[in-house]
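Engineer: Below are the sequence and a predicted model for it; my questions follow.
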Amino acid sequence: MCLLLEQLQQWYATPPGQWLLQFEQEQANKWVPLVRGATVLQMGGLPDTFSIAKHASEHYYFLSSQPSEVEKKNVDLIAHQEELPFLPNSVNVVLLVHVLEYAEHPTAVLKEVFDILAPNGKLLLFCFNPWSLWGMHKLLSKNKPFPWKGKFISPARLQNWLISLGFSNLKDKTLCFRSPYNKRRLTRFAFFCEALGQITIPMLGAVSVFLVEKRVLNPLRQQRYQWRKQRAMVSIQGK
C-alpha cells in the first residue's frame, strides 16, 4: 500500500500526472469548504496539493501509512488508513486522493472516515474511473505499470458505498478527458477534448470526484438508521 502511494507521488511528476494534478487542484479549490479554524485531514496525493485549504484551516494533517524515508519529512501522521488517530466526530474535512483504488478494503477506509468526521463534515474524494479512456488503457496495458495496477472504481459503485454508509451526496463529476498517452500531437487537442468531454460525456472522465457530507439524523430516526447501516455493511462486504 505505501509503495503504491509512493509510486503515485512519483507518477504525478510525469506529463500525464501533471495534467491530472492541475485538474484536481482546481477542482479542490472550488469545492473544498474553507472554514476558518477547521481540522482537515488529507490522505493520498501530494502534501502540498491543496494549498488554499491548507492555509485556511487551523489544523491540516497529511497522513501516510509507513512512508519512505524521503516522504517522512512531509508527513504529519503515520497510521493505518483503517485505524485513523482521531476521535469520533472531530474532523471537519477529509480529502481522499486515489486511496480507495489501492486499499485492500476500501469500504473499511470510508467507514473510518465517516466515524471521524464531525456532523455535517465534508469528504472530497478522487478516484480513477474505469469507464474512461484511462480505464480502457488500463485494460489494454500488459505490464500494468503505475497507476494502472490499481482497482478503478466506477462512479455508480462509489455513490452506492457512500450513501450506504450514511453520506449525503452534494456534488459529483468526472474530469480529465484527454488521452493518457504523452504524445505531442495529442496534447494539442487536450483543452478541446476537456471542454467537449464535459458537455458530451460528462461521466466518462478519467477521475471521479465526489463531495459528500456526513448526515445528521434526529434521535427518533437514529435507531432505524443504525439498523439500515448494519444491513448495508453486510451487503457491501458480501459483494
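Structural biologist: That came through, no problem. Residues are numbered from 1 along each chain as shown.
Engineer: Can you identify each of the strands in this structure by residue range?
Structural biologist: Counting by DSSP state E, the chain has strands at residues 39-44, 59-64, 77-78, 91-97, 117-128, 167-175, 207-214.
Engineer: Out of those, which is closest to Tyr12?
Structural biologist: strand 91-97 (9.9 Å; CB to CB). C-betas here are computed from N, CA, C, even on glycine.
Engineer: in that closest one, what's buried?
Structural biologist: The neighbour-count criterion (16 or more other CB atoms under 10 Å) identifies 91-97 as the buried residues of strand 91-97.
Engineer: Please apply the same query to stretch 111-123.
Structural biologist: Within stretch 111-123, the residues scored as buried using 16+ other CB under 10 Å are 111-118, 121-123.
Engineer: Give me the average confidence score over that stretch.
Structural biologist: On average, the pLDDT along stretch 111-123 is 95.
Engineer: Residue ranges in this protein under the pLDDT threshold?
Structural biologist: By pLDDT under 70, the weakly predicted segments of the chain are 1-5, 33-36, 66-73, 142, 182-193, 195, 197, 217-239.
Engineer: just the helices in it please.
Structural biologist: 2-11, 15-31, 51-56, 106-116, 133-140, 155-165, 184-187, 190-200, 219-237 (DSSP state H).
Engineer: any idea how far the third one is from the chain center?
Structural biologist: What that stands for is helix 51-56. 17 Å (CA atoms, centre = their mean, to the nearest Å).
Engineer: what helices or strands is that helix leaning on?
Structural biologist: helix 15-31 (3 or more CB pairs under 8 Å, 6 or more residues apart in numbering; DSSP states H and E).
Engineer: Could you check the angle the helix it packs on makes with strand 207-214?
Structural biologist: Using axes from the mean of the first three to the mean of the last three CA atoms, to 10 degrees, one finds that helix 15-31 and strand 207-214 are set 30 degrees apart in direction.
Engineer: Can you tell me which helices and strands helix 15-31 packs against?
Structural biologist: Against helix 15-31 (3+ CB pairs under 8 Å, 6+ apart) you get helix 51-56, strand 117-128, strand 167-175, strand 207-214.
Engineer: Relative to Lys151, which of the ones you listed is closest?
Structural biologist: That would be strand 117-128 among the helices and strands packed on helix 15-31, by CB to CB, at 8.8 Å.
Engineer: strands paired with the closest one, and their directions?
Structural biologist: Its sheet considered, strand 117-128 pairs with strand 91-97 (parallel), strand 207-214 (antiparallel) by DSSP bridges.
Engineer: Dump those strands into TSV; add distance to Arg157 as well.
Structural biologist: Listed next are those as TSV, based on distance: least, CB to CB, whole Å:
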stretch	distance to Arg157
strand 91-97	15
strand 207-214	10
